[in-house]
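**Student:** only geometry, no sequence info:
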């Protein structure tokens with residue numbers, strides 16, 4: 001159990017706690033003081049000195065790769081810095097050499113970022129097979145049933161965006177590895193909140209923005225490409241930063257860099273990188289296991305309290321992520337959007353998703369935050 005002193009220290013890192021009850025990390029997380037201060041330092045530096053300290057900026061990129069690698073169990077040279085999750089998944093979908101008759105397997109729980117890139121391959125004669133969930137969940141065996149000799153990729157989310165279902169990635173990864181199939185994971189709803197180890201789960205490719213559970217700015221994401229699969233991806237964007245220029249700009253070589261930087265085709269979001277690196281360092285400092293335990297605890301308490309307040313819980317039990325989907329019983333007379341607006345007026349921030357109110361607390365949220373939510377629903381009676 002986290003002590004009150006520790007929780008208070010965590011809450012001081014997130015000034016949002018002084019203004020509202022923020023339970024919307026599955027949408028956009030608030031900046032921590034660490035991320036904000038890092039971005040401000042860089043912004044001031046660029047304001048006062050322009051690009052004079054560009055070497056420091058480049059050093060920050062490498063520190064980010066190292067921190068991201070530590071968090072997900074990857075080597076720094078397997079980490080590319082992109083602008084968002086959609087870009088990384090699209091790089092995989094469009095970068096692989098497909099043949100007509102190949103297929104990719106995904107699920108019916110995917111956010112468009114992890115569905116449209118695969119569905120779009122049908123124009124190239126690639127079948128997109130979809131696992132049908134049951135009660136908002138599925139088993140690794142459901143994935144395996146759709147595999148055959150022409151399956152090239154299995155693509156799933158580490159946590160479902162709307163109901164918080166967390167599949168057994170290690171079991172799915174073992175199936176893919178045994179059958180020689182590439183495993184691609186949209187990890188935006190877990191990185192920063194739930195442990196994920198790319199080696200243990202035999203993940204080939206992983207993409208995750210920093211602006212949700214890492215509480216970093218938008219426009220900066222990590223893209224993991226396992227070194228053994230790097231050459232399988234055709235690079236689809238070329239620029240001045242992902243080639244071996246050898247000190248030249250005119251008549252420069254078009255040879256790609258040997259590591260994951262080959263997927264970074266131009267100037268990066270340096271200010272966002274400063275914020276993302278600071279956010280990653282905070283997660284590593286506290287410990288992802290500690291964070292996950294508190295995220296799941298507070299989400300579980302919230303689910304129980306909401307159920308006690310008369311809402312139906314649309315998330316699979318037991319709760320295994322930070323996302324809780326809840327359905328107010330009175331939606332016949334009071335629409336979901338009206339309930340959502342009522343909560344916002346009371347300073348309680350969540351999101352309407354797929355017929356539910358999606359609550360997504362983080363490790364710094366406390367039991368008092370949960371109580372405010374249940375009290376808000378009591379006012380609707």
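**Tutor:** Here it is on my side, so go on. Everything numeric here is computed off the predicted structure, so don't read it as measured data.
**Student:** Please enumerate the helices of the stretch 151-300 of the chain.
**Tutor:** Secondary structure of the stretch 151-300 of the chain (DSSP state H, counting those that start in this stretch): helices at 169-179, 270-286, 288-308.
**Student:** so of these, which one's packed in deepest?
**Tutor:** Mean neighbour count, computed with mean count of other CB atoms under 10 Å, is highest for helix 270-286 among the helices of the stretch 151-300 of the chain, reaching a mean of 23. To be clear about C-beta, it is placed using only N, CA and C from the backbone, and glycine gets the same treatment.
**Student:** Quick one: work out the angle between that one and helix 288-308.
**Tutor:** Taking axes from the mean of the first three to the mean of the last three CA atoms, to 10 degrees, one finds that helix 270-286 is oriented at 90 degrees with respect to helix 288-308.
**Student:** What's the mean pLDDT across helix 270-286?
**Tutor:** What helix 270-286 shows for mean pLDDT is 98.
**Student:** Kindly report the same for stretch 6-15.
**Tutor:** On average, stretch 6-15 scores 98.
**Student:** swap in stretch 305-318?
**Tutor:** For stretch 305-318, the per-residue pLDDT averages 96.
**Student:** mind giving me CSV with the helices of the stretch 151-300 of the chain and columns for distance to residue 344?
**Tutor:** Listed next are those as CSV, based on distance: least, CB to CB, whole Å:
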stretch, distance to residue 344
helix 169-179, 34
helix 270-286, 25
helix 288-308, 17
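**Student:** For residue 155, which of those is the nearest?
**Tutor:** Comparing the helices of the stretch 151-300 of the chain by their distance to residue 155 (CB to CB), the top pick is helix 169-179, with 10.4 Å.
**Student:** Skip ahead from the lowest-mean-pLDDT helix or strand in the chain and say which helix or strand is next.
**Tutor:** The helix or strand of the chain with the lowest confidence, counting by mean pLDDT, DSSP states H and E, is helix 336-345 at a mean of 93. Using DSSP states H and E, the next helix or strand after helix 336-345 towards the C-terminus is strand 348-349.
**Student:** so where is the chain shaky, pLDDT-wise?
**Tutor:** 330-334, 381 (pLDDT under 70).
**Student:** same thing but at 50, please
**Tutor:** Applying pLDDT under 50 to the chain flags no residue at all.
**Student:** Quick check: chain neighbours aside, which residue is closest to residue 372?
**Tutor:** Leaving out its chain neighbours, the residue that sits closest to residue 372 by CB to CB, 6 or more residues apart in numbering is residue 21, at 5.0 Å.
**Student:** was I right about that neighbour contacting residue 350?
**Tutor:** No: with contact defined as CB atoms under 8 Å, residue 21 does not count as touching residue 350 (9.2 Å).
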